[in-house]
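*Asks:* Sequence first, then the predicted structure, then my questions.
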Amino acid sequence: MSRIGKMPISVPNGVEIKIGEGNLVTVKGPKGTLERRLSSDMNIALENGQLEIKRPNDLKKYRALHGLTRTLINNMVVGVTEGYKKTLEINGVGYRAAKNGNKLALSLGYSHPVEMTDPEGVTSEVEGTNKIIVSGIDKEKVGQYAANIREKRPPEPYKGKGIKYDTERIRRKAGKAGKK
């Protein structure tokens, strides 16, 4: 059995889960509603306030889908109750961020400011001028938007300039060695 797949998902108070035709799972909670169509091969059952996922047999395909299905549903439950958040830091002289409505304006040393529009269901905030907080209820969208922001100027290993996650450590390299 999959260690992750066989763990039941406890449904907290205030969260409503519906399993529709073809394993269309709808999770409704205090922060919003998420909907996702999962593999119709998996058996999803709601019993005693807990969600259990079972696979039809031990073929490699079903073993792989077992843990994935459980994790996707758990991410939806956590998203509608607590939400997800990613923090990015901007390092570099003259590098800064500003927020105008739902647009994020980044000054990253290019000849023009880079403007990004927040996707639906995801919000970004700017703390000071060098900290961006991306938050939302869908883990996938929050992570993807944070990755898209980081992609505009990834951190470089010599001076550490660029956009990095707050938990990320940049491995620094030595510069050019001088002549003797």
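*Replies:* That came through fine.
*Asks:* Mind jotting down where the strands sit in the chain?
*Replies:* In the chain, the strands defined using DSSP state E lie at 9-10, 16-19, 24-29, 32-37, 43-47, 50-54, 84-91, 96-100, 103-107, 114-117, 122-127, 131-136, 162-165.
*Asks:* Other residues contacting the shortest one?
*Replies:* Think strand 9-10. Applying C-beta atoms under 8 Å, 6 or more residues apart in numbering, the contact partners of strand 9-10 are Gly49, Gln50, Leu51, Glu52, Ile53, Arg70, Ile73, Asn74, Val77. All C-beta spots, glycine's among them, are computed from the backbone N, C-alpha and C.
*Asks:* Dig out what the fourth one forms beta bridges with.
*Replies:* Yep, that's Glu52 we're talking about. Assessed by DSSP bridges, Glu52 has beta-bridge partners Ala45.
*Asks:* just to revisit the earlier point, going through the contacts of strand 9-10, which ones are buried?
*Replies:* Leu51, Glu52, Ile53, Arg70, Ile73, Asn74, Val77 (16 or more other C-beta atoms under 10 Å).
*Asks:* Dump the contacts of strand 9-10 into CSV; add pLDDT and distance to Arg96 as well.
*Replies:* CSV is the format used below for those (pLDDT from 0 to 100; distance: C-beta to C-beta, whole Å):
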residue, pLDDT, distance to Arg96
Gly49, 85, 48
Gln50, 91, 47
Leu51, 91, 44
Glu52, 91, 49
Ile53, 91, 46
Arg70, 93, 41
Ile73, 94, 39
Asn74, 95, 37
Val77, 95, 37
